[in-house]
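> Build me a model:
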Amino acid sequence: MRIVSPASPPSRDGVARGVELLTSWGLRVELGEHVFDRWGYMAGRDEDRTADLNAAFRDPGVRAIIATRGGKGAYRIVDDLDFDAVRRDPKPVVGFSDITHIHLALWSRCGLAGLHGPFANWNDRWSGPASADALRRALMTTDPIVVSQDAAQVSAAVTIHGTAGGVLVGGNLDAIRTETGAGLPNLRGAILFLEHQKGTGLGEVDRALTQLTRSGALDGLHGVALGQFIGFEDTVDDPSLGGWGITDVLRDRLERLHVPVLGGLPVGHSIHPPTVPLGTHAHIDTASGTLTVEPAVY
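Next up, the predicted model:
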């Protein structure tokens, strides 16, 4: 396994803990040459972060790639990835948040499945037996992944009943919006997975979903799976918002798609998230409250 830093810089202690965890599973772990570089708010210059990713894609001894962090910068390098090398020797990339840009590019151009999972910069936010075991199972077994609805998640109230099947595509909402017109995969027949972390408020979610709708990117979707929307839990109590919260915005924007929507999946930016494959066939069932996803490894 190769550890790389396509976005923001990690801590050395966090990466050391990640290496310790991965090697405890019997994996041989290597670090990319520029893992600890820094250039502004990014983990090194664009060409160096790209070089580390491409070196991992080209090395037949590397069977999976895990990012140290999300943050900022992955969107700057996706056009320079060695997609021919990816096609010759497919291997999953693990990460989320800003790494969504890489997942989308690899699926769009190569059909490569990846893993929406924790970073190699292992810390108290991501450590824990449940999160570690979920990553291990997703990397080292071919079992389907089943994620059950959690009523405690703010998006759980957004459910449009039904069942749907299709390839699971998506990740961080802001990254998906950013890729509109710049490499977003065709989502016809897909199940779109969305998760988000609050920045400026409800308007950012409204704008992102409206842009995706107006662009036609959501035409032909089979269903929507909603993960965590962190930081929006108390928006309904803000009098300036007219009594609306995140569930109202999500329901208002997604109902018009006329597809099943399963909310409340505990996947996103919160503590100890499970690992979920992206780019493989998935099934949502709102009656059972489950998302079932085929593995990204074989």
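> quick one: low-confidence ranges for the stretch 51-200 of the chain?
Residues of the stretch 51-200 of the chain meeting the criterion pLDDT under 70: 124-128.
> The same query, at a cut-off of 80, please.
Scanning the stretch 51-200 of the chain for pLDDT under 80 picks out 123-129.
> List the buried residues in stretch 14-21.
Within stretch 14-21, the residues that qualify as buried by neighbour count (16 or more other Cβ atoms under 10 Å) are 14, 15, 17, 18, 19, 21. Glycine gets a C-beta too; all of them are placed from N, C-alpha and C.
> Show me how far that stretch is from its chain's centre.
Once both centres are worked out by Cα atoms, centre = their mean, to the nearest Å, stretch 14-21 turns out to sit 21 Å from its chain's centre.
> What's the mean pLDDT across it?
The pLDDT scores in stretch 14-21 average 94.
> quick revisit: tabulate the buried residues of stretch 14-21 (JSON lines), appending secondary structure and distance to residue 248.
Shown next, in JSON lines, are these (DSSP: H, G, I helix; E, B strand; the rest coil; distance: Cβ to Cβ, whole Å):
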{"residue": "14", "secondary structure": "helix", "distance to residue 248": "37"}
{"residue": "15", "secondary structure": "helix", "distance to residue 248": "41"}
{"residue": "17", "secondary structure": "helix", "distance to residue 248": "40"}
{"residue": "18", "secondary structure": "helix", "distance to residue 248": "39"}
{"residue": "19", "secondary structure": "helix", "distance to residue 248": "44"}
{"residue": "21", "secondary structure": "helix", "distance to residue 248": "40"}
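> which one of those residues is nearest residue 50?
Ranked by distance to residue 50 (Cβ to Cβ), those are led by residue 15 at 19.5 Å.
> tell me the contacts of the closest one?
3, 31, 35, 36, 68, 120, 121, 122 (Cβ atoms under 8 Å, 6 or more residues apart in numbering).
> Apart from its chain neighbours, what residue comes closest to the fourth one?
The one in question is residue 36. Nearest residue to residue 36 in three dimensions, chain neighbours excluded: residue 12, at 6.4 Å (Cβ to Cβ, 6 or more residues apart in numbering).
> Hmm, the one you found is touching residue 31, no?
No - Residue 12 is beyond contact range of residue 31, at 10.4 Å (criterion: Cβ atoms under 8 Å).
> Looking at the two, which is more packed in?
Legend: neighbour count by other Cβ atoms under 10 Å for residue 12 and residue 31, higher for residue 31 (16 against 11).
> On the three-state scheme, the closest residue in space to that one that isn't next to it in sequence is what?
Using Cβ to Cβ, 6+ apart and skipping the chain neighbours, the partner closest in space to residue 31 is residue 3 (5.1 Å). For residue 3, the assignment made with DSSP: H, G, I helix; E, B strand; the rest coil gives strand.
> per-residue pLDDT, residue 3?
At residue 3, the model reports a pLDDT of 98.
> Show the contacting residues for it.
15, 18-19, 29-32, 35, 65-68, 120.
> could you pull out the helices for the stretch 51-200 of the chain?
Using DSSP state H, counting those that start in this stretch, the helices of the stretch 51-200 of the chain run over residues 83-88, 100-110, 129-140, 173-178.
> check contacts around residue 265.
By Cβ under 8 Å, 6+ apart, residue 265 lies in contact with 147, 149, 150, 153, 155, 193, 225, 226, 227, 228, 291.
> mind redoing it with 6 Å?
147, 225, 227, 291 (Cβ atoms under 6 Å, 6 or more residues apart in numbering).
> Dump the contacts of residue 15 into TSV; add distance to residue 101 as well.
As requested, the contacts of residue 15 are exported to TSV (distance: Cβ to Cβ, whole Å):
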residue	distance to residue 101
3	18
31	22
35	19
36	21
68	15
120	18
121	18
122	22
